[in-house]
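Visitor: Structure, please.
(2 chains)
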Amino acid sequence: MTATTFAPELGCPSGLEPPADGAVIDPAPFVRRANGLARLDLAVFGAKCAACIRKIEGAMNAFPDMQSARLNLSTGRLSLVWTDGAIDPKSLADRLDKLGYRAAPFDPEAAEKEADKEGRRLLRALAVAGFAMANVMLLSVSVWAGGGEMGPATRDLMHWVSALIAIPAALYAGQTFFASAFRALKVGRANMDVPISLGVILALSVSVFEFFAHGAHTYFDAAVMLLFFLLIGRYLDHRLRLRARAAARDLLALQAVTASRINPDGTLVSVSARDIAPGDRLLIAPGDRAPVDGVIEEGQSSIDMSLVTGESAPVRAGEGALLHAGVLNLTARITMRAAKSANDSLVADLTRLIEAGEQTKSRYVRLADRAASLYVPVVHTLAALTFLGWYFIMDAGLRASVLNAVALLIITCPCALGLAAPAVQVVATGRLFRKGVLVKSGDALERLAEVDTVVFDKTGTLTFGKPRLSNRANLSDDDLAAAASLARISRHPLSRAIVAEAGPGKPAADAREIPGDGVEGTYGGVTVKLGRAAFVGAARSEDDVQESWLKIGDQAPIRLEFEDRVRRDAADTIMQLRQLGLGVQMLSGDRAPAAQKAAALLGIDDWRAEVTPKDKTAHLEALRLEGKRVGMVGDGLNDAPSLAGAHASLSPGTAADASQAAADFVYQGSGLHPIVDAVSFSCSARRRVVENFAFAAAYNACAVPLAAFGLVTPLIAAIAMSGSSMIVTLNALRIGAGGARS
Amino acid sequence: MTALLFLMPVALGLGALGLGAFFWALKSGQFEDPKGSAERILLDDDLKDQDD
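Guide: Predicted coordinates:
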């Protein structure tokens, strides 16, 4: 097969589907200009493979005057540079939209272009420590193996070279630990970095002293090896945290929403949401979201509030109706007058609630830190006792006493402890990722393992969040085809449900949408109407079912019924969570009858309906005060604050950007089963971490007496340290093999 | 034992070379987009004229 035959088909299904809400954002306000060049960063969603890179970069480079277009697949960022003035930025976004990728302007100011400096520093320190460890170990092994045969002069040479490598390397690679230990000591606390720094510095100083005294034992190798192992753990941990921070940063950057402002002279200008002032007139096209809170001035349309309130049915809104930022305009063009600036709008309120929630979360003390707070005083007391014992009771002299105390500090240095948690978390995160669950931070796993109550949102989480035709059986194929031919031109969720049921086909040629009423057109030579009861001349029924009416020619109107269906494995998932010993509750922003129906179907007894975002956080807070650890699962913008405030939280990949950013776990797919996976993996990760700590404790229990009695040589310390680190890492790899219930 | 006098600098030099190479790779942005680099190798840039 040659490249030519498969190249056009090569690729994944991503990018073939049009963007969900069909809104193309004008990125014009985000173009940065300098030296005759225009630069723009876009966040591109859905790019996954080589074919996506090729399609996107190819299409962008096809614009004349495009200087460079480069897509970073890892971050989903497309960086564009072109000759200023040659290309309309909107056409770039349009082109991407045609290719089937959703693109959002990425505000690099909000994203702070800092390129993960901390990670780079750790990686450099790790490389230096690795280099030093390998070389010093080479020299140390020859000293150990040389034993009696090696003359003192050669041994001193070896020690001298070791010192030359190890001291600068350790001082460079250990900066992270020294700085953190110093910060902790300054506020009168001791963290894990205190014994680490103390161990490294003492090992180096004692070794230098021994070197000048022509002693047989130096600990240069131990100092750099310790740093090497600890830096591995630190780097893994940093990578996990980085992902969580990047998600939050992207949320900020994505708030770079644009809007069309209507100037007093009637012309339109694209502005960033931040620049909208109260009183501005804005044009909201079908498929656009309201950028700020405001009031409709002109026009009538159906508004999808589900992201903001959780209510599943669209609401008809006309002049004077209040729109919250984030609601989606579905059917017709409306003009609204901004009532608040972006900073005072509902979305900003929610962002503040999210931040508040995240702050409570950051107070969570990780298992490793809890272990450290027990460990530090014990080890330091033991080292002091060792010194005092040798100096005063055994009368061993200052040099031998210090050497033994230092040996104890080195061998108990929390090498295994430092690796114990990050190694497990990295493995668990990787396994969960393959199961379609993205874990955003290491301590999220620890927190989810502690959860005892799971609170679900209804719309979009337990249910699909989209209406589906429920009385298909009452319709003839021809009726459905007629309805679908009209529905194809509309964005209304009910129309989409009809199209989803009918499958692909052609829209009626002369179909037109009457905003707030329905669609009218010709199908098979007769006039067909699809829409509200009043629109087709039918009597609206009193029950609470979502409905739409179809009138073909002069026939009696036909009623189409819709309901938001519960996800297929929702009941199963809830049962399995109960089997794992968790309580299950449901909070919904939807109306009571809809919530009650879903709750009854799923067997949830504990549910509330018509709750506002603030009610949700209040309910979660109440549960917390009862002593419960709450896991929250939700997808709407209205859930974001409670997702941020819950002990641990999950959100589906279809959720609002803010919710995905606020949640600890994001799961893919249409099922809920990943929630059970996430919970059971978290539990088994926790078990492994605890096992690793238990192992580290047992190891120390053996090592401390050896060191205290002066039996530890640098060789034994090296073997013990690397051995324990390996065992801890191997134990981490067992996740999913034994612990996970699938 | 005189062999040590040149073997040790050689060993250290090789190690330092590796370290330098890693720093260079880090600095020249080779770790910026690991996913993209893995996929880009599949693109036939050299065949561009023929298949586009």
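Visitor: What parts of chain B come near chain A?
Guide: B:1, B:4, B:8, B:11-12, B:15-16, B:18-19, B:22-23, B:26, B:31-36, B:39-44, B:47, B:50-52 (Cβ under 8 Å from any Cβ of the partner chain). (C-beta placed from N, C-alpha, C; glycine too.)
Visitor: now with 6 Å?
Guide: B:1, B:12, B:15, B:19, B:22, B:33-36, B:39, B:42-44, B:47, B:51 (Cβ under 6 Å from any Cβ of the partner chain).
Visitor: Tell me which residue in chain B sits closest to chain A.
Guide: B:G36 (3.5 Å; Cβ to the nearest Cβ).
Visitor: what about that residue, which SS state?
Guide: helix (DSSP: H, G, I helix; E, B strand; the rest coil).
Visitor: ok, it - contacts?
Guide: B:G36 sits next to A:72-73 when contact means Cβ atoms under 6 Å, 6 or more residues apart in numbering or on different chains.
Visitor: what's stretch B:5-17 in contact with?
Guide: A:131, A:135.
Visitor: picking up where we left off before, give the ChimeraX command for selecting the buried subset of the residues of chain B next to chain A.
Guide: Only the buried entries of these go into this ChimeraX selection, using 16 or more other Cβ atoms under 10 Å in any protein chain shown:
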select /B:12,15,19,22,33,35,36,39,43
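Visitor: ok, how many other residues are close to A:G151?
Guide: Using other Cβ atoms under 10 Å in any protein chain shown, A:G151 has 10 neighbouring residues.
Visitor: for it, phi and psi?
Guide: Main-chain torsions, A:G151, degrees, to the nearest 10: phi -70, psi 160.
Visitor: distance of it from A:F212?
Guide: To A:F212, A:G151 is 18 Å away according to Cβ to Cβ, to the nearest Å.
Visitor: Burial check on the residue in the stretch 501-650 of chain A positioned nearest to chain B, number of neighbours?
Guide: Nearest to chain B, among the residues of the stretch 501-650 of chain A, is A:L650, at 24.1 Å (Cβ to the nearest Cβ). Applying other Cβ under 10 Å, we find 30 residues neighbouring A:L650.
Visitor: nearest spatial neighbour of the residue in chain A positioned nearest to chain B, skipping sequence neighbours?
Guide: The nearest approach of chain A to chain B comes at A:L73, 3.5 Å away (Cβ to the nearest Cβ). Nearest residue to A:L73, sequence neighbours excluded (Cβ to Cβ, 6 or more residues apart in numbering or on different chains): B:G36, at 3.5 Å.
Visitor: so how far is A:K55 from the one you found?
Guide: For B:G36, the distance to A:K55 - Cβ to Cβ - is 14 Å.
Visitor: Read off the pLDDT value for residue 26.
Guide: In the absence of a named chain, chain A is used. We have a pLDDT of 72 for A:D26.
Visitor: if you could check chain B rather than the one you did, that'd help
Guide: Turning to B:L26, the model gives it a pLDDT of 86.
Visitor: Is A:M586 in a helix, a strand, or coil?
Guide: Quick answer, by three-state DSSP: A:M586 is strand.
Visitor: How many neighbouring residues does it have?
Guide: 23.
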